[in-house]
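Chemist: Sequence and predicted structure, then a few things I'm wondering about:
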Amino acid sequence: MHKQKFYELKIRRHILIPIFCLICLWSFKNHPPPALTAFKISGYAQGTTYHITYYAEDSFVVKRQIDSVLDKIDSSLSIYKPWSLISKFNNADNGVEMDEHLRLVVQRSLEIFKATDGVSDITVYPLVNIWGFGPQHVSGEPDPAGIQAIMPCVGADKIHVRGNRLVKDTPCVKIDVNGIAQGYSVDVVAGFLEKNGIRNYIVEIGGELRIKGRKYPGGIMMQIGIEAPAQNRFDEPILEKVIQLDNGAITTSGNYRKYHKMNGKTISHLIDPKTGYPFQNELISVTVWAKDAVTADGYDNALMGMGLKKALLFLSKNKKMEAYFIYHSSGGAIKDTATAGFYKMIRK
């Protein structure tokens with residue numbers, strides 16, 4: 001008797017599953033999911049522009065919300081705002097209490113400092129400033145004595161996280177997180193979109209991007225263009241490659257966009273924290289893919305500083321990133337190469 005009841009129960013449960021599926025299919029056909037509409041937001045922040053496109057049923061996020069998010073980040077991380085938390089640290093003799101933004105960015109920066117053997121170093125601020133890429137105006141190339149006088153103030157081993165406090169060994173140590181802050185900001189904005197139920201978007205701040213999902217209508221993959229300088233025209237970029245992806249972050253570091261002339265020489269904004277002088281190697285630009293923008297942005301400058309051979313070796317040991325390089329060959333021609341994973345993203 002008990003066996004018969006158990007057998008009947010099993011039959012009923014197996015019948016219910018396909019019936020439930022049929023109900024779901026009927027409901028989907030008669031009540032299809034709402035169409036996704038493109039919503040665009042753009043503005044100015046962090047000394048550059050930003051552009052956001054997201055696909056949703058309604059305008060769940062508006063410009064004032066994005067501006068508020070970015071303003072809070074600027075109040076923490078901008079070296080151009082004297083009231084920012086990072087400016088307070090730079091002007092302090094010992095240190096400051098960190099907010100969440102400064103804490104996360106400093107912790108990530110120190111990780112990258114160790115991983116790159118000091119090629120990436122946020123205490124490079126005094127050198128960046130003396131070479132004319134900081135808030136202070138400079139009239140000419142710094143002399144060797146001036147550079148050497150700054151070097152004791154440079155080195156991420158001179159800053160320490162103690163509880164929620166960031167401290168420094170000597171008052172002259174100052175930090176500049178511009179090499180990672182925009183990537184971090186992109187991630188924060190992307191997180192804000194996702195908290196509001198948005199699953200398909202592209203966030204761009206100053207050329208640094210994070211992408212998730214597809215482009216609608218059509219559900220096609222997002223496409224991103226990569227610039228390179230034209231042959232023999234350093235300041236006139238051309239579209240070099242188009243990649244397509246539906247997840248991850250893309251950031252670029254290059255010496256053909258941010259530079260200036262000093263005494264007839266082209267000076268790159270990428271300064272070697274170990275020598276005090278701009279990096280000199282064959283690389284023109286590197287475009288990095290990673291799962292998040294803070295990683296891609298945090299490593300792109302370091303890869304530029306390493307030079308092509310060392311950068312490719314580094315990436316072969318760090319499989320969570322892919323990269324595309326544009327460089328000068330020994331004969332002076334502009335060439336390119338990439339990791340195997342990056343080649344897979346290039347549109348055929």
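Modeler: Nice, thanks for sending it over. Note that the structure is predicted; figures quoted are calculated from it, not measured.

Chemist: Test my guess that residue 51 contacts residue 42.
Modeler: Yes - with contact defined as Cβ atoms under 8 Å, residue 51 and residue 42 form a contacting pair (4.7 Å). The C-beta positions use only the backbone N, C-alpha and C, and glycine is treated the same way.

Chemist: Which of the helices and strands in this structure ranks last by mean pLDDT?
Modeler: When each helix and strand of the chain is scored by mean pLDDT, DSSP states H and E, helix 2-30 comes last, with a mean of 41.

Chemist: and the next element down the chain from that one?
Modeler: Downstream of helix 2-30, the first helix or strand assigned by DSSP states H and E is strand 37-45.

Chemist: Over the helix or strand just after that next one, what's the mean pLDDT, rounded is fine.
Modeler: Using DSSP H and E, the helix or strand that follows strand 37-45 in sequence is strand 48-56. Strand 48-56 comes out with an average pLDDT of 97.

Chemist: And for strand 48-56, what's in contact with it?
Modeler: Strand 48-56 has contacts (Cβ atoms under 8 Å, 6 or more residues apart in numbering) with 36-44, 61, 66, 70, 182, 189, 193, 197-198, 200-207, 213-216.

Chemist: Select only the buried ones of the residues you listed in ChimeraX?
Modeler: To isolate the buried ones among the contacts of strand 48-56 in ChimeraX, judged by 16 or more other Cβ atoms under 10 Å, type:
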select :36,39,41,61,66,70,182,189,193,198,200,201,202,203,204,205,206,213,214,215
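
Chemist: give me the low-pLDDT residue ranges for the chain?
Modeler: For the chain, applying pLDDT under 70 flags the ranges 1-34, 137-139, 228-239, 256-267, 348.

Chemist: Just the helices from this protein, written as ranges.
Modeler: 2-30, 63-77, 85-91, 100-115, 125-130, 144-150, 178-195, 293-306, 308-317, 340-343 (DSSP state H).

Chemist: Of those, which is nearest residue 276?
Modeler: Checking these against residue 276 by Cβ to Cβ gives helix 144-150 as the closest, at 4.0 Å.

Chemist: residue contacts, the nearest residue to residue 314 once chain neighbours are set aside?
Modeler: Distance criterion Cβ to Cβ, 6 or more residues apart in numbering; nearest residue to residue 314, sequence neighbours excluded, is residue 306 at 6.2 Å. Shown in contact with residue 306 (Cβ under 8 Å, 6+ apart): 116, 119, 281, 314.

Chemist: Identify the farthest-apart pair in those residues.
Modeler: Largest separation among the contacts of residue 306 by Cβ to Cβ: 116 and 281, giving 14.6 Å.

Chemist: rewinding a little: most neighbours of all the contacts of residue 306, which one?
Modeler: Within the contacts of residue 306, residue 119 tops the neighbour count with 22 neighbours, counted by other Cβ atoms under 10 Å.

Chemist: That one against residue 304, yeah?
Modeler: No - judged on Cβ under 8 Å, residue 119 makes no contact with residue 304 at a distance of 9.1 Å.

Chemist: where's residue 157 relative to residue 178, distance?
Modeler: According to Cβ to Cβ, to the nearest Å, residue 157 and residue 178 sit 21 Å apart.

Chemist: Oh, that last question was meant for residue 245, not what I typed.
Modeler: As judged by Cβ to Cβ, residue 245 and residue 178 stand 26 Å apart.

Chemist: Of those two, give the one with the bigger neighbour count.
Modeler: Shown here are residue 245 and residue 178; by other Cβ under 10 Å, residue 178 has more neighbours (24 against 17).

Chemist: show me the contacts for the more buried one.
Modeler: residue 79 are the contacts of residue 178 under Cβ under 8 Å, 6+ apart.

Chemist: sorry, back to before: wait, which of the helices of the chain is closest to residue 324?
Modeler: For these, the distance to residue 324 is smallest for helix 340-343, at 4.9 Å, taking Cβ to Cβ.

Chemist: Show residues contacting the closest one.
Modeler: Outside helix 340-343, the residues touching it (Cβ under 8 Å, 6+ apart) are 243, 287, 289, 322-324.

Chemist: residues in contact with the closest residue to residue 90 other than its chain neighbours?
Modeler: Nearest in space to residue 90, with sequence neighbours left out and distances taken as Cβ to Cβ, 6+ apart, is residue 174 at 4.0 Å. By Cβ under 8 Å, 6+ apart, residue 174 lies in contact with 89-90, 123, 125-126, 153.

Chemist: how about a cut-off of 10 Å?
Modeler: By Cβ atoms under 10 Å, 6 or more residues apart in numbering, the contact set of residue 174 is 79, 86-87, 89-92, 122-126, 128-129, 134, 153-154, 159, 168.

Chemist: And residue 286, by the same measure?
Modeler: 251-254, 299-306, 308, 311, 315, 323-327, 338.

Chemist: Swap in 8 Å and give it another go.
Modeler: If you count contacts by Cβ under 8 Å, 6+ apart, then residue 286 has 252-254, 300, 303-304, 311, 323-326 around it.

Chemist: now do residue 152
Modeler: 170, 172.
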